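# sharing a sequence plus its predicted fold:
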Amino acid sequence: MANTIPSIVCLGIIGRNNNPLHITIFPSYDTTTQTYAPVRTPLQFSLLLSGTLDIFEARSRHLANPGGAGGGSMLLSGDFGLLHAIDDRLAAYGFETNTGVKFVAVVDMRGRLAKNNTAAGRGGVGLRDNELKPVFRAVQTAYVRLLQNPFYEPGEPVGGKPGAGAGAKRITSRKFRDEMRRIGEAWAPGITAL
């Protein structure tokens, strides 16, 4: 059996009005065919990202009421950590900006063939809390750079007319898409900066 390590299989950005802004899908290693292919369809990943919205909302309510019945604590960093384990291989991790934009990284615990034996043996073990912080930091940096682009209009309603929709349009910037691809492909457990 091939030695595998965790890899990112999907990076998603969800607007503050819970509208999908961007999804990047990465191939995952299939041990039976010994090839790389996506583990889910784009529609399945879209539904999976939509399913994380309930978790973001529930945790936000819990954290906003620290002295209440929930007994939550203040979340200062925006890092929601593990949102939920999807199955024995996939897990969704989340981060929310102070403007309400959500970043979701779906990780396949056996998604990449290990290049050396020191990284092997990590498959299926899980990830530490801070393993995805460099990913979210890099995604946030790329998103801020996109917002600084004078030609990008983040508040433009869907449909292009005022009152036509509740959220911003999807991100179609090639430079942003390339940066998301670079982040997803470069990440591996133990990396501290992207």
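In hand now; what should we look at? As the structure is a prediction and not an experimental result, all values here were calculated from the model.

# which strands or helices does the longest helix along the chain pack on?
Scanning the chain for the helix with the most residues, using DSSP state H, yields helix 42-64. Other helices and strands packing on helix 42-64, by 3 or more CB pairs under 8 Å, 6 or more residues apart in numbering; DSSP states H and E, are strand 4-14, strand 20-25, strand 79-85, strand 90-96, strand 102-113. For every residue, glycine as well, the C-beta is placed using N, CA and C.

# just want the angle from it to strand 102-113.
Orientation of helix 42-64 against strand 102-113 (axes from the mean of the first three to the mean of the last three CA atoms, to 10 degrees) gives an angle of 130 degrees.

# return the set of buried residues in helix 42-64.
Neighbour counts using 16 or more other CB atoms under 10 Å place 45, 46, 48, 49, 52, 55, 56, 59, 62 of helix 42-64 among the buried residues.

# what do you get for stretch 130-148?
Neighbour-count burial for stretch 130-148 [16+ other CB under 10 Å]: 131-140, 142-143, 146.

# of those, closest to residue 6?
Of all those, residue 6 sits closest to residue 131, with 8.1 Å by CB to CB.

# residues in contact with the closest one?
Listed by CB atoms under 8 Å, 6 or more residues apart in numbering, the contact set of residue 131 reads 189, 190.

# and the pLDDT at residue 135?
Residue 135 carries a pLDDT score of 95 in this model.

# looking at this, it is in a helix?
Yes - when DSSP: H, G, I helix; E, B strand; the rest coil is applied, residue 135 is found to be in a helix.

# taking strand 90-96 as reference, get the angle to the longest helix of the chain.
Inter-element angle recorded for helix 42-64 and strand 90-96: 50 degrees (by the same axes, to 10 degrees).

# where does pLDDT dip in the chain?
The model of the chain has pLDDT under 70 over residues 1-2, 63-77, 116-126, 155-168.

# if you set the cut-off to 80 instead, what comes out?
Low-confidence segments of the chain (pLDDT under 80): 1-2, 60-77, 115-126, 129, 153-169.

# now name the helix or strand holding residue 185.
Following DSSP states H and E, one finds residue 185 within helix 174-186.

# dump that helix to CSV, restricted to CA.
The C-alpha trace of helix 174-186 is given here as CSV (Å, rounded to 0.1, in the frame of the first residue of the first chain):
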residue,chain,number,x,y,z
ARG,A,174,-7.4,34.6,-13.1
LYS,A,175,-4.6,35.9,-10.8
PHE,A,176,-6.7,35.1,-7.8
ARG,A,177,-7.6,31.7,-9.1
ASP,A,178,-3.9,31.0,-9.8
GLU,A,179,-3.0,32.1,-6.2
MET,A,180,-5.6,29.7,-4.8
ARG,A,181,-4.2,26.9,-6.8
ARG,A,182,-0.7,27.7,-5.7
ILE,A,183,-1.8,27.7,-2.0
GLY,A,184,-3.6,24.4,-2.3
GLU,A,185,-0.8,22.6,-4.1
ALA,A,186,2.0,24.0,-1.9
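
# show me what it is packed up against.
With contacts taken as 3+ CB pairs under 8 Å, 6+ apart, helix 174-186 sits against strand 4-14, strand 20-25, helix 133-148.
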